[in-house]
Every structure is written in structure tokens, then in C-alpha cells.
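Visitor: Next input, structure requested:
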Amino acid sequence: SQWDPTDPGMVTQAKAVMHTSVAPGELKCREREHKEVMAAIHAALKHRKSSSMYVCGLPGTGKSLTVGEAEKAVRRWGDGSGRVGKLAKSERPIVAAVNCMALSEPRHVFARIIEALGGVSPAELARASADAGGNPENSDLSQLPERFKGRANDAAKPMVVVLLDEMDQLASKAQSILYELFGLPTLPGSRCVVVGVANNINLVEVTLPRLKMRGCEPEVVRFDAYDKDQLKLLLAQRLAKLPWECFEDAGLELCSRKVASATGDMRRALNICAVAVDLCAREAAAAAAEAEAEAEGVATEKTPAEAARESKPLVRISHVARAISLSFASPVVDTMRSLPQQQQMVLCAAVRLFRVGGGASRSRETKLGELHDKYSSLCKETAIKGMNSGQFSEVCAVLADQTLLRLGKGAEDRQRKVSLAVHEDDVTFALQGVKFF
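Guide: The predicted model follows:
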């Protein structure tokens, strides 16, 4: 079947594979980090040795996904459904996984861990503490260490793996909660593995400096931002689940390059693609409605929807560019959008010229005469009256004053060196509406 942007079911399906909650399947581009996390947990369980790990990196770099895959594997080890011979029955762990973002108060993390380990619920724990005349707020904190004590000489007691996603939500003025959690593996007789996941790269070294002095500094696994090739691969991996092609390759390339140059955040790339699908669907629906209005009373072999689908079948680079412009706010982009048409065409001509030449447009240069020739060719294609050499030179000087072009000196205008002072991707999504690409 073929992608039909006027089909609500197909649009929903295309957007669904871009949702961050949907597992992409095989873990790509994070194989090294996944192996490192799994090896550390497995070694701790195999030797029944307590340890801790801190997984960190910028948002959208695959931390939670990687640790989530590790959780699945550890749970399989725990119930014996993992690979035969992976862990002996005496080495199988019990797992407590908590998303700290869902906690109403940071201190509630202790009660959630107890509940996940098969203990009483936070509400029951608070009631029991209150009935005994204690402080409900401190009951979970005092009882949690008891869960990890007395395991050293008891081989029948399983190891405990505690996985804490969004751990930076537990930060406080004195950081007492984080110190308590990372200190669990150092309790006398404790047999637990604590794995924390957060965005703060400097949490251990800067925020929790006393961990090292206490001898409970965790192993740190850092996740770097995705580069453009990795982002494109990950987007293609998700789109491959669909039974039809719906994105132009150039659109995926633009999205990947722009996001990689900014944050490397995969979640932002997914959001941009989902918005681009919406924009394509709206455009196709409008085209179908227009075709239907024009076709009233006229015999035709194709329905308006079929005509719209054939004329604009894929999510194009223009849709992605518009989605990017909604996601990123840039003064440079605003400047280019407010330029007169002729100045916009000069920038478009530069992008087209450098694309033919290959390489990164921002680092390439050409002669002013060659750029004028490309500009003149673009004017003919679009049936727009072009400027002569003198006018063109003056416009390029204006663009150089706005730091959009770099213009060299020279006695002969056509021989002067010229290059883009901004990235071609910024030009593309700023001016996609003029349709010169």
C-alpha cells in the first residue's frame, strides 16, 4: 500500500511510531553503554557484591531506554526466564524500579522502593508508624535500610537491584536523600545494586562530593548527545515499522542535522517528525478539498483524495522545515523571514549552489559572479525578474552587513569571494515557504 496523508488511520499510525513511549525495538547507537550497564549489574549479582552506578547525560540521549532494557533483562534473570546458565538460582535478584518524576515528595522514594520489593504500601507504612507514635514522614526512611541488612551471611536471601529513573528529582538542599540512596550498598551486610538515572552530568562530582569520602562513590556511565548520523538511523528504525514509506530522505536528513547541531535530543527529533506528519496531513486535506471544489460537475477518473495523494505523497523537506521552525526559536531565522524577496532568493541561490558542490555550505565559498549566475537561473525557473550585476552586488553587501553572507574584497566584483555566514539548514527552514528549494 501507499502512504496517504488524507487517511486519518495512516496519519495516526505514522505519528504513533514517533511517540517517545513506543519502544523502537532493537537498541541501536547505545550498544556500548548498554553493555557497560549490564556487565556491572551482572558482575555484582554473580559475586553477590553491592555496588552503585550513576547513568547521566543530556535529555533525549537514550539513558532511560537503555536502563529500561537492562531492567527487562534483570527481571528475566530474577524469574529464571533469562538465558539458561546466565545466573544460578541463588544469584537471581529481586528488582525495584521507581520513576522519581511520579513522586509527590522526594522522601516518598523510600516507601516506593519498599513497596516494589514486596513490602507494605506507603499509605499502610505511614498508618503503622502513626499508630506506633512515630513520625510517618520518617518511617519509610528508617525501615528501608533494614531491607538490605543481614544478607551477607544468608545465601538464601536474594540480591536487590534498585533502579531510579529521573533521580535528579530527589535533589534537596542538603542532598540527604541522594546520600542515603547511594549509601545503601555500603550498609553492613547489604547486598544491593543501586542504579540512578538523571540528566545532571556533574551530580556525583559537584553536587554529592562527600560520596567519595564515604567510600560509596558510584560508577558513572555518561551518555553523549546523538550525532546527525545516529539520529537519522534511529528515525529510520522507527519508520521501518510502517508498511509504507512516508518521509522524504531529505526531510529526515534536515531534522537530524538540525537537532544534532542544537542538542542531540532524540525526543525533540521525534516531536519534529510527528509535527511534520501533521503538517503534511493538513496540507493534503486542504489540497483534496480544493480539488473537490474545482471538480464539482466535471467528470474525472480520480477522486480528489487520490489526486492530492499522487501530487504530494510524502512528508517533504518543507514540512520538516516548518516543524523545525516551530520547535526552534532563532533571531537569525526571524531575520531571514523578514527579508525582501530578492534578498531571500540570493540566500536560496547560495544554498542550491553549495549543495551541488557538496560539503558543508557554511565552510564553502564561491565567486560572486558564480553566485549571480545561480541566482539568475533561479529567477528564470520561478519567472521572477532578476537583478543586474551591480544591483546584485549591492544586495550581497546588505546581506553581509546583516552577517548572513561573508563577502571578500576585490577590484573586480565578479571575482570577489562569497560564502554563507549561517548554516544552510537555517536558510532552508527559514525560507521553506518561498519554495525555491
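Visitor: Please identify the buried residues of stretch 398-413?
Guide: 399, 404-405, 407, 413 (16 or more other Cβ atoms under 10 Å). No exception for glycine: its C-beta is placed from N, CA and C like everyone else's.
Visitor: Not counting its own residues, what contacts stretch 342-358?
Guide: Residues from elsewhere that reach stretch 342-358 (Cβ atoms under 8 Å, 6 or more residues apart in numbering): 336, 339, 361, 364, 366, 370-371, 374-375, 377-379, 382, 384, 387, 392, 395-396, 398-399, 404-405, 418-420, 424, 427-428, 431, 434, 436-437.
Visitor: Give me the subset of these that lies in helices.
Guide: Counted as lying in helices by DSSP state H, out of the contacts of stretch 342-358, are 336, 370-371, 374-375, 377-379, 382, 392, 395-396, 398-399, 424, 427-428.
Visitor: For PyMOL, write a command that selects the buried ones of these.
Guide: Listed next is the PyMOL selection for buried residues among the ones in helices among the contacts of stretch 342-358, using 16+ other Cβ under 10 Å:
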select buried, resi 336+371+374+375+378+379+392+395+396+399+424+427+428
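Visitor: Give me the most central residue, this protein.
Guide: Central residue of the chain (Cα atoms, centre = their mean): residue 266, 1.6 Å from the mean position.
Visitor: ok, that one touching residue 225?
Guide: No: counting by Cβ atoms under 8 Å, residue 266 does not reach residue 225; the two are 9.3 Å apart.
Visitor: can you list residues touching both of the two?
Guide: What both residue 266 and residue 225 touch, as defined by Cβ under 8 Å, 6+ apart, is the set residue 61.
Visitor: And the protein, split by domain according to the record?
Guide: Domain assignment for the chain, taken from automatic domain parsing, gives 8-20+227-327, 31-223, 332-434.
Visitor: between those domains, which gets nearest to residue 2?
Guide: Proximity to residue 2, assessed across these by Cβ to Cβ, is greatest for domain 8-20+227-327 (5.8 Å).
Visitor: where does the stretch 251-400 of the chain dip in pLDDT?
Guide: 297-312, 329, 356-363 (pLDDT under 70).
Visitor: all helices of it, in order?
Guide: Secondary structure of the stretch 251-400 of the chain (DSSP state H, counting those that start in this stretch): helices located at 266-294, 304-311, 317-327, 331-337, 341-357, 368-382, 389-401.
Visitor: Same question for the stretch 51-200 of the chain.
Guide: Under DSSP H, counting those that start in this stretch, the stretch 51-200 of the chain gives helices at 63-79, 109-116, 122-131, 136-143, 176-183.
Visitor: in the first one, what counts as buried?
Guide: What it means is helix 63-79. Neighbour counts over helix 63-79 (16+ other Cβ under 10 Å) mark 63-71, 73-75, 77-78 as buried.
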